[in-house]
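> Structure of the sequence below:
(4 chains)
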Number of protein chains: 2
Amino acid sequence: MPSHDVFKALADPSRRKILKLLQGGSKTAGTLAEAFDMTKGSLSHHFNVLKAADLVRCERRGQQIVYSLNTSVFEDVAALMLDLFGTRRAK
Amino acid sequence: MPSHDVFKALADPSRRKILKLLQGGSKTAGTLAEAFDMTKGSLSHHFNVLKAADLVRCERRGQQIVYSLNTSVFEDVAALMLDLFGTRRAK
DNA sequence: CAGATATTTTGAAATTCGTCAAAATATCAA
DNA sequence: TTGATATTTTGACGAATTTCAAAATATCTG
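Now for the predicted structure:
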């Protein structure tokens, strides 16, 4: 439904980097933060944007919060991309 | 190469609408403008962003300028998407 | 050339975005 | 409870984005 949130979420390089890091498996906010030269507060903001787009899920484990890709939404993203790029007739 | 421009270009709903309209075939700037409740100047700015991302091509035909999808870049876009979303192991 | 049409460019205003520092929240351990 | 750790939220700020109105550019017609 909220396709705009997805495109907006993908528009920032740091957020795309987060997604790529999560392809290697779930990671805590702190572990992800090590890969960035940025405040944890700023990263947390990016997590929120990715969550709003339903691209990642998070789960508290003790004092840390584990982020992971929401793989179930990836078919929807693929559909969005097909909608934009896929429906072209034979040139 | 400049993958960021592509994601940034897709982040705006008006630009995505332009791409969808162009799926129906090439159109002049004026024809495209009819579909929007926006100044032609603003639309022109969006054309520039799409051109910078290499998503559209334009060609002058008399006093008008015809925009069309740059289909040759779509494989690159697909590759970008696969890079972000495709590399996940069997669930 | 002058005027009309189609489009872009410029300059400025309003909004959104990314970031930081600091404060707040939540959990664990003693 | 107190203190330490992990993370988020808040508030502020500068930079980037979107938009408009107006000026500029390019092409065609007479």
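> For A:Y67, list each beta-bridge partner.
Legend: beta-bridge partners of A:Y67 under DSSP bridges are A:K27, A:C58.
> mind checking how far it is from DNA strand D?
In this structure, A:Y67 and DNA strand D are separated by 7 Å, where distance is defined by CB to the nearest atom of the strand, to the nearest Å. Placement of C-beta: from N, CA and C, glycine included.
> list the contacts for that residue?
A:I18, A:L22, A:S26, A:K27, A:T28, A:A29, A:L32, A:F47, A:V56, A:R57, A:C58 (CB atoms under 8 Å, 6 or more residues apart in numbering or on different chains).
> Compile those into JSON lines and extend it with columns for neighbour count.
Below are the contacts of A:Y67 laid out as JSON lines (neighbours: other CB atoms under 10 Å in any protein chain shown):
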{"residue": "A:I18", "neighbour count": "24"}
{"residue": "A:L22", "neighbour count": "20"}
{"residue": "A:S26", "neighbour count": "15"}
{"residue": "A:K27", "neighbour count": "18"}
{"residue": "A:T28", "neighbour count": "16"}
{"residue": "A:A29", "neighbour count": "15"}
{"residue": "A:L32", "neighbour count": "20"}
{"residue": "A:F47", "neighbour count": "19"}
{"residue": "A:V56", "neighbour count": "23"}
{"residue": "A:R57", "neighbour count": "17"}
{"residue": "A:C58", "neighbour count": "17"}
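> Let me know the closest of those to B:L82.
Within the contacts of A:Y67, the smallest distance to B:L82 is 16.0 Å, found for A:L22 (CB to CB).
> Name the single longest helix found in chain A.
Taking residue count as the measure and DSSP state H as the definition, the longest helix of chain A comes out as helix A:40-52.
> Which elements pack onto the helix or strand of chain A with the lowest mean pLDDT?
For chain A, using mean pLDDT, DSSP states H and E, the weakest element among its helices and strands is helix A:74-81, scoring a mean of 80. With contacts defined as 3 or more CB pairs under 8 Å, 6 or more residues apart in numbering or on different chains; DSSP states H and E, the secondary structure elements packing on helix A:74-81 are helix A:3-10, helix B:74-81.
> and that helix, which residues are buried?
Residues of helix A:74-81 classed as buried by neighbour count (16 or more other CB atoms under 10 Å in any protein chain shown): A:F74, A:V77, A:L80, A:M81.
> out of those residues, who's nearest A:I65?
Of all the buried residues of helix A:74-81, A:I65 sits closest to A:F74, with 21.6 Å by CB to CB.
> Run a quick neighbour tally on A:R61.
With neighbours defined by other CB atoms under 10 Å in any protein chain shown, the count for A:R61 comes to 10.
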